[in-house]
Each structure stands twice: as C-alpha cells, then as structure tokens.
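Asks: quick one: sequence plus predicted model below, questions after.
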Amino acid sequence: MSKAAEAFRTISEVADELDVQKHVLRFWEARFPQVRPMKRGGGRRYYRPEDMELLRGIRHLLHAEGYTIKGVQKILREQGIDHVKQHGRVAVEPRATTRGARPDARALPANVPAIGAARPSGPVPVSSRRGGARARAGAIEHLAVVEAAIKELEQCRAILLETLGKAEPVRAPRRARAVGA
C-alpha cells in the first residue's frame, strides 16, 4: 500500500524513494539548512511533501547534473528553494534498476550525451573528487561501459576494413589504469 502524496514519510521511505542511503539524507540535512524534517520524540524524522520536493531537486543536481555540495548550496542561496524544487519535479524519472542491481552494459548513463548531440552551453558543473567507495564503484561501471563501447567500435572497424578489402589485424585495446590506483 503506497502513501498519499501529501503524507509524511520516514527517513527509510525517503531513502528508498530517492534511492540514497539514510546517512546521506542526514548528511544533506547537515549541509543544507533548508532541509528541515519534522522531528518527533526520540529524534525520529518525518519528511513533509515540501521536504521531498527539495530533496529530489538536491539529488538531481548532485547525482544527475554533477554539482558539488557547495555548488548546490550556492544555487539555493542565489536562486532559492523553488528553483531547486523545480529541478526535482523535472527529474522525476523511473528508476531503471533496483538498488544493488547492475545496469545493462550497453545502457549509457543519463548524463552521457548521444553521439552528435549538441553540447550544453554555459559552465559545466564540476563533480566532487572525493566520492568514496560509491563513486569509485560508479566509475568502474562507467569504465566497463566505455570498454564495451571501444570493443564494439573495434569490431565495427574490422568489419568495415574487411568489406573494403583492406583487412588489418585488430589491435587489443590498451588497458585503462585501475580507478583509485
């Protein structure tokens, strides 16, 4: 049974809905004073619908757009809570995978533009370099996607060369350095 949109949610429900860990929500609460869940006896948090909208926007800016904590704080300061909430409304996307499941190796991450796509204008947000194990795991998954794409392109090249009658041996790709090494 799912809750109504206007119902309050516990930290576990919010974590599941946003696909983040509970400690991440507590961390965001410490970094973004605009996130103020209602606290009952014993310190138990209850998130209002407005909190959910703001958290969706923060999550979208951090995870999908690649902004840093400081970058999102600056957006909140300069453009306001409603601007960040708007990002959360736009970013409501169905979850492609469940927590812990590996995505299809051929699927590109949402922030990777298709070949030939126009580049966005304006400043490009800088991702945080201190992401810990979760960021390294994401980088490893992205590396696997890139390696699979390179292998597929090399196979296409071999087919094209064969078709043109200029068969050349296909070189093995260089191994990328291990992430974090």
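Replies: Done, it's in.
Asks: residues near the closest residue to residue 46 other than its chain neighbours, how many?
Replies: Excluding the flanking residues, the one nearest residue 46 by Cβ to Cβ, 6 or more residues apart in numbering is residue 8, at 4.2 Å. Every residue, glycine included, has its C-beta placed from N, CA and C. Around residue 8 sit 17 other residues, with neighbours defined as other Cβ atoms under 10 Å.
Asks: again, but for residue 30
Replies: Neighbour tally, residue 30, other Cβ under 10 Å: 8.
Asks: backbone dihedrals for it, both of them.
Replies: Backbone torsions for residue 30, taken as degrees, to the nearest 10, come to phi -70, psi -30.
Asks: got it, and residue 8?
Replies: The phi/psi pair for residue 8 (degrees, to the nearest 10) is phi -80, psi 150.
Asks: gap between it and residue 36?
Replies: 13 Å (Cβ to Cβ, to the nearest Å).
Asks: mind listing the shared neighbours of these two?
Replies: Common contacts of residue 8 and residue 36 (Cβ atoms under 8 Å, 6 or more residues apart in numbering): none found.
Asks: show me the helices in this protein, by range?
Replies: Assigned by DSSP state H, the chain shows helices spanning 11-18, 22-31, 49-59, 69-79, 81-90, 132-164.
Asks: which of those has the lowest mean pLDDT?
Replies: Note on the helices of the chain: lowest mean pLDDT is at helix 132-164, with a mean of 76.
Asks: list the buried residues of that one.
Replies: residue 145 (16 or more other Cβ atoms under 10 Å).
Asks: and that helix, what does it pack onto?
Replies: Using 3 or more Cβ pairs under 8 Å, 6 or more residues apart in numbering; DSSP states H and E as the contact criterion, no secondary-structure element is in contact with helix 132-164.
Asks: angle of it against helix 22-31?
Replies: Taking axes from the mean of the first three to the mean of the last three Cα atoms, to 10 degrees, one finds that helix 132-164 is oriented at 110 degrees with respect to helix 22-31.
Asks: so who does residue 44 touch?
Replies: Residue 44 touches residue 10, counting by Cβ under 8 Å, 6+ apart.
Asks: picking up where we left off before, between the helices of the chain, which gets nearest to residue 42?
Replies: Set against residue 42 and scored by Cβ to Cβ, the helices of the chain come closest in helix 11-18, at 12.5 Å.
Asks: got the helices of the chain as TSV, with distance to residue 43 columns?
Replies: Listed next are the helices of the chain as TSV, based on distance: least, Cβ to Cβ, whole Å:
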stretch	distance to residue 43
helix 11-18	10
helix 22-31	11
helix 49-59	16
helix 69-79	23
helix 81-90	24
helix 132-164	25
